[in-house]
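Engineer: Task: produce atomic coordinates for the following.
(one chain, ligands or ions: 3)
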Amino acid sequence: VSLIVQKFGGTSVDGPARIQAVAEHVVRTRRAGHDVVVVVSAMGKATDELIRLAHELSPLPPAREMDMLVTAGERIAMSLLCIAIDELGITAASFTGSQAGILTDSAHGRAKILEVRADRLREGLAAGQIVVVAGFQGMSLDRNITTLGRGGSDTTAVALAAALGADACEIYTDVAGVFSADPRVVPTARLLTVVSYEEMLEMAATGGRVLALRSVEFARNHNVALHVRSSFSWEPGTWVRKESAMEQAIISAVTHDTSEAKVTILSVPDRPGIAARLFRALADEGVNVDMIVQNISVGGTTDISFTMPMADLPTGLKATEAVGAEMGASGVTHDADIARISLVGAGMKTHPGIAARMFETLADSGVNIEMISTSSIRISCVVRADRVEDGVRALHSVFDLDTEPEAEPVP
Ligand code: ADP
Ligand code: ASP
Ligand code: MG
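Structural biologist: Ligands and ions are numbered 1, 2, ... in the order given. Modelled structure (predicted):
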């Protein structure tokens, strides 16, 4: 018997008809002789709706209560799915993250999985049940309910696949797999058949939200092969796994992200320890700083600009202003209308000229570059948010990623 973990995202369980379709698919897998562990997200936009409700009561709700609140979404989906499976004549049992033995640290809203004690799930499987687990949640060592960050059901699926030694980890979603760009922005994006962990990590970190970043890190660290595919067509999709150098494309994807903001601290003294002081303060507040640019100093002072998730902006600004006042900076400004465009591809390591071609393409499209950062397999540019989609489409075409318009139907 093989063990398969199947994860279904929000759109895939949005309403009774969709839940029934998922139940049928899961039961078909079970009847084909496999053990099945299912991970579900909250239905549709349920998580967003719960967060919105909380913000009607408080601009900054307590993190512990936010986690307790949003985990309710997955509870609803998992029990409804079990009811639907039961109706098809197979027993299923649902488990919250804590029941499933997912132990995390206590960082509410972005908890890390420390350990999975899956005995309860193993017992369910041994009893012939289909086991359904609420995604995105766990329990901290001090027994608080935690969540794993937005999109965290992917991480739950990968962690369970690793802990149970599953033969496959299937991520069912509302697109056919991982594409060379967000198919909602680039209709001619192509479906990738294989993506390496390294490329998928860069994609997930730069806006390719089809997989949560943590889930890809976990998959790479535990060597779990992922199969990302559509819950509408059930056609084979994209494998995310170790890839051999032979298969490396020069450019695999163009990603974009509009969820970051830029902060600039003006005229700080250009001497050792300034950057250390600033970024220590931000780190202590749990702000995830991404790109950093320091200008050439003029008259002994310099400007430092950096990007961070929009959600961290209030905290990040406060910390930056405090440090700025202490260091005698002339001010702190911020800009939420930025976006990042990234080019990802393992082959760029061995092909010179990719950066030049990227900058030329953006220039030809009239897209101004405000910041640049690179890794060995990625180049990112910060641009104006209202220019980002034009930039993505131009790069996608110049780097020969477009398919024939009619080839890939996109939902
Ligand atoms: P789920 O609810 O199933 O977890 P998500 O909304 O988290 O689904 O992720 C799927 C979405 O990711 C797609 O609808 C698509 O718009 C978006 N997306 C962004 N970039 C990509 C990409 N490169 N390939 C596929 N989908 C992408
Ligand atoms: N429901 C959670 C979210 O919307 C987790 C997930 O969908 O993976 O972020
Ligand atoms: Mg998701």
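
Engineer: what's the closest residue to ligand 1 within the stretch 251-400 of the chain sitting at in phi/psi?
Structural biologist: The nearest approach of the stretch 251-400 of the chain to ligand 1 comes at residue 253, 5.7 Å away (Cβ to the nearest ligand atom). No exception for glycine: its C-beta is placed from N, CA and C like everyone else's. Dihedral pair for residue 253: phi -160, psi 160, per degrees, to the nearest 10.

Engineer: Was I right to think it contacts residue 182?
Structural biologist: No. The criterion here is Cβ atoms under 8 Å, and residue 253 misses it with residue 182 at 9.4 Å.

Engineer: Give the residues shared as contacts by those two.
Structural biologist: Counting by Cβ atoms under 8 Å, 6 or more residues apart in numbering, the common neighbours of residue 253 and residue 182 are residue 208.

Engineer: Of these two, which one has the most company?
Structural biologist: residue 253 (30 against 20; other Cβ atoms under 10 Å).

Engineer: List the residues that contact the more buried one.
Structural biologist: By Cβ under 8 Å, 6+ apart, residue 253 lies in contact with 178, 179, 180, 181, 192, 199, 203, 208, 343, 344, 345, 401.

Engineer: In the stretch 51-200 of the chain, what residue spans correspond to strands?
Structural biologist: Listed in chain order, the strands of the stretch 51-200 of the chain (DSSP state E, counting those that start in this stretch) span residues 92-95, 102-104, 113-116, 130-134, 137-140, 145-147, 168-173, 194-196.

Engineer: How about residue 22: what's its closest non-neighbour residue?
Structural biologist: residue 8 (5.3 Å; Cβ to Cβ, 6 or more residues apart in numbering).

Engineer: Please read the previous query as pertaining to residue 11.
Structural biologist: residue 174 (4.0 Å).

Engineer: which parts of the stretch 201-350 of the chain sit against ligand 1?
Structural biologist: 208, 209, 210, 253 (Cβ under 6 Å from any ligand atom).

Engineer: Scan those residues and report the most crowded one.
Structural biologist: Of those, with other Cβ under 10 Å as the count, residue 253 tops at 30 neighbours.

Engineer: bridging residues for that one?
Structural biologist: Going by DSSP bridges, residue 253 is paired in beta bridges with residue 344.

Engineer: Quickly run through the sheet partners of the helix or strand of the chain with the lowest mean pLDDT, with directions.
Structural biologist: Scoring the helices and strands of the chain by mean pLDDT, DSSP states H and E places strand 292-294 at the bottom, with a mean of 91. When pairing is defined by DSSP bridges, strand 292-294 lines up against strand 301-309 (antiparallel).

Engineer: which outside residues touch the partner strand?
Structural biologist: Identification of contacts with strand 301-309 by Cβ under 8 Å, 6+ apart yields 259-270, 274-275, 278, 282, 287-296, 316, 330, 338, 340, 371, 382.

Engineer: Which members of the residues you listed occur in helices, if any?
Structural biologist: Applying DSSP state H to those, the entries found in helices are 274, 275, 278, 282, 316.

Engineer: Of these, which pair is most distant in space?
Structural biologist: The largest separation in those, counting by Cβ to Cβ, is between 274 and 316 at 16.9 Å.
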